[in-house]
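K.L.:
dropping the sequence and predicted coords here.
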Amino acid sequence: MLMDRPLRIAIILSPNTPWHRSVLGGIPSHVPLSGHWEYLLTRPDVAGEKQLLQWKPDGVLGSFNHMSTVNSVLALKVPAVNVSENISGLDLPCVLLDCNEAGRMAADHLREVGLHQFAYAGWSGHGASPLRYGGFKSRLEEMGLNGLFSVDLKGFGGEEPIRTLLKWLPTLPRPIGIFAFNDIAASTVIQAAQALKFRVPDDMAVLGVDNDEAICAFTTPQISSIQALPNRIGRLAAELLDYQLCGKQGFERRILVAPRGVVARASTDHLAIDDEAVTRAVRFIRTHAGERINVADVVRMTGIGRRVLEKRMSQILGHSPLEEIQRSRIKLATRLLVESPLELNMVAVRSGFRDLNHLVRTFRERLNDTPANYRRHAKERERI
């Protein structure tokens, strides 16, 4: 219901955590129907719980990672929305990442890069981990792929997960695709694999969740990751809290936000190709697609004749080196359109096209769309 005074809304999120910060960014994009909101940002820890009880808010939104936090929120007897799957089975309205769908996306991506053996590196201490494992396993089974390996890292970062991985990774068949609980776990898997002299991605392709640029971009090789939409989770959580504050009935208590998709980087750039020259050619193209390369550049790099390379690529991939270049450019361009604020002419330059006209013409021919429309539709899908 509407009130004369501002409504006091407690936000239990840590601005020092990239995921929490992104969720925070989505909250103000909802315009409250219940009146003006006044915020208190408090930490998800004991000190934050004390502050929460002292402040006596009208509503609470946040990541409820500990039962003590849950009990503090329940003691307030005010509307609340949870945005964390850390504790499973909480009977509170929530907006969460669809972890089952994240697992299914992981299975599809690792299968698409040509892998036939798979493993999951999870953390049983987090409620989201078994859900991600379940989606991963069920999707693999649908594709007729069984025999999934798994390990419990009992946390992320630190020495214990590394020790566990140093024992577990040598027991796995290779090549293998490893789906990690999140980007921190994926980085830890890569660190352990490299300590054991395993090649990533040739021996072990590694995929994370969250698409945390601070981790993915600064791990070598860079980590492929499933891109969640925490900003959208924040907006929908604010909307769900607002429904309760307005006294609305019949609203959906559990909202799952599907990930956008996989942001592919070097850690899953696995090529199940027996021909070494073709493997080198495809790797070169995908790595340098944004640099205006041509078929002659690819031929020089492989060290074999142009006709021989074209014949081998057509036999193995079903298309020519030029077609592989075009596909890689389109893939890079679509990623830049969705993930970056670059102007269209800069998207064209960064993805290897001669100019914007070349990009527009290629989009029309191959996608029956324009770059501007593609970007607009992607943004609209996120707002739904």
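P.N.:
Okay, I see it.

K.L.:
check which helix or strand covers the closest residue to R286 other than its chain neighbours.
P.N.:
Leaving aside its sequence neighbours, R286 sits nearest to S328 (CB to CB, 6 or more residues apart in numbering; 5.1 Å). (Each C-beta comes from the backbone N, C-alpha and C, glycine too.) In this assignment (DSSP states H and E), S328 forms part of helix 321-339.

K.L.:
helices or strands up against the helix or strand following that helix?
P.N.:
Later in the chain than helix 321-339, the nearest helix or strand by DSSP H and E is helix 344-350. If you count contacts as 3 or more CB pairs under 8 Å, 6 or more residues apart in numbering; DSSP states H and E, helix 344-350 packs onto helix 321-339, helix 356-367, helix 371-383.

K.L.:
contacts for the shortest one?
P.N.:
Contacts of helix 356-367 from elsewhere in the structure, counted by CB atoms under 8 Å, 6 or more residues apart in numbering, are 326, 329-330, 333, 344-345, 347-348, 351, 353, 369-371, 374.

K.L.:
buried only: go through those for me.
P.N.:
Buried members of those, counted by 16 or more other CB atoms under 10 Å: Q326, R329, I330, A333, L344, V347, A348, S351, F353, P371, Y374.

K.L.:
rebuild the residues you listed as CSV, extending it with pLDDT and distance to H66.
P.N.:
Shown next, in CSV, are those (pLDDT from 0 to 100; distance: CB to CB, whole Å):
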residue, pLDDT, distance to H66
Q326, 95, 51
R329, 95, 48
I330, 94, 46
A333, 95, 44
L344, 96, 46
V347, 96, 44
A348, 96, 49
S351, 95, 45
F353, 96, 51
P371, 96, 46
Y374, 93, 43
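
K.L.:
before we move on, the earlier item: which one of the helices and strands packed on helix 344-350 has the lowest average pLDDT?
P.N.:
Per-segment mean pLDDT for the helices and strands packed on helix 344-350 reaches its minimum on helix 371-383, at a mean of 81.

K.L.:
who does that helix touch, helix- and strand-wise?
P.N.:
Partner elements for helix 371-383 (3+ CB pairs under 8 Å, 6+ apart): helix 321-339, helix 344-350, helix 356-367.

K.L.:
deepest of these, which one?
P.N.:
Comparing the helices and strands packed on helix 371-383 by mean neighbour count (mean count of other CB atoms under 10 Å), helix 321-339 ranks first with a mean of 19.

K.L.:
helices and strands around that helix, which ones?
P.N.:
helix 276-288, helix 295-302, helix 306-317, helix 344-350, helix 356-367, helix 371-383.

K.L.:
quick one: contacts of it?
P.N.:
So helix 321-339 is contacted by 227, 260, 263, 281-282, 285-286, 289-290, 293-295, 298-299, 309-310, 313, 317, 319, 342, 347-348, 350-353, 359, 362-363, 366-367, 371, 374-375, 378 (CB under 8 Å, 6+ apart).

K.L.:
coming back round to it: any chance of the helices and strands packed on helix 321-339 in JSON lines, plus distance to W123?
P.N.:
Converted to JSON lines, the helices and strands packed on helix 321-339 look like this (distance: least, CB to CB, whole Å):
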{"stretch": "helix 276-288", "distance to W123": "31"}
{"stretch": "helix 295-302", "distance to W123": "41"}
{"stretch": "helix 306-317", "distance to W123": "37"}
{"stretch": "helix 344-350", "distance to W123": "36"}
{"stretch": "helix 356-367", "distance to W123": "39"}
{"stretch": "helix 371-383", "distance to W123": "28"}
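
K.L.:
to S150, which of the ones you listed lies closest?
P.N.:
helix 276-288 (29.1 Å; CB to CB).

K.L.:
so L74 is in which element?
P.N.:
Using DSSP H and E, the element containing L74 is helix 67-76.

K.L.:
beyond that helix, next helix or strand please.
P.N.:
According to DSSP H and E, the helix or strand after helix 67-76 is strand 80-82.

K.L.:
ok, and what's touching whatever helix or strand comes next after that next one?
P.N.:
Sequence-wise, the next helix or strand downstream of strand 80-82 (DSSP H and E) is strand 94-97. Residues from elsewhere that reach strand 94-97, judged by CB under 8 Å, 6+ apart: 81-85, 128, 228-230, 233, 236-237, 240, 253-257, 259.

K.L.:
quick one: distance of strand 94-97 to the chain centre.
P.N.:
15 Å (CA atoms, centre = their mean, to the nearest Å).

K.L.:
re the thing from before, ok, which of the helices and strands packed on helix 321-339 comes nearest L90?
P.N.:
Nearest to L90, of all these, is helix 371-383, at 26.4 Å by CB to CB.

K.L.:
also compute the angle for the closest one relative to helix 356-367, please.
P.N.:
Orientation of helix 371-383 against helix 356-367 (axes from the mean of the first three to the mean of the last three CA atoms, to 10 degrees) gives an angle of 60 degrees.

K.L.:
got the CA positions of helix 371-383 in PDB?
P.N.:
Output in PDB follows, covering the C-alpha atoms of helix 371-383 (Å, rounded to 0.1, in the frame of the first residue of the first chain):
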ATOM      1  CA  PRO A 371      23.300  -4.900 -37.100                       C
ATOM      2  CA  ALA A 372      21.100  -2.100 -35.500                       C
ATOM      3  CA  ASN A 373      18.000  -4.400 -35.400                       C
ATOM      4  CA  TYR A 374      20.100  -7.300 -34.000                       C
ATOM      5  CA  ARG A 375      21.300  -5.100 -31.200                       C
ATOM      6  CA  ARG A 376      17.900  -3.700 -30.500                       C
ATOM      7  CA  HIS A 377      16.200  -7.100 -30.400                       C
ATOM      8  CA  ALA A 378      18.900  -8.400 -28.100                       C
ATOM      9  CA  LYS A 379      18.300  -5.600 -25.600                       C
ATOM     10  CA  GLU A 380      14.500  -6.100 -25.800                       C
ATOM     11  CA  ARG A 381      14.900  -9.800 -25.000                       C
ATOM     12  CA  GLU A 382      16.900  -8.800 -21.900                       C
ATOM     13  CA  ARG A 383      14.100  -6.500 -20.700                       C
END
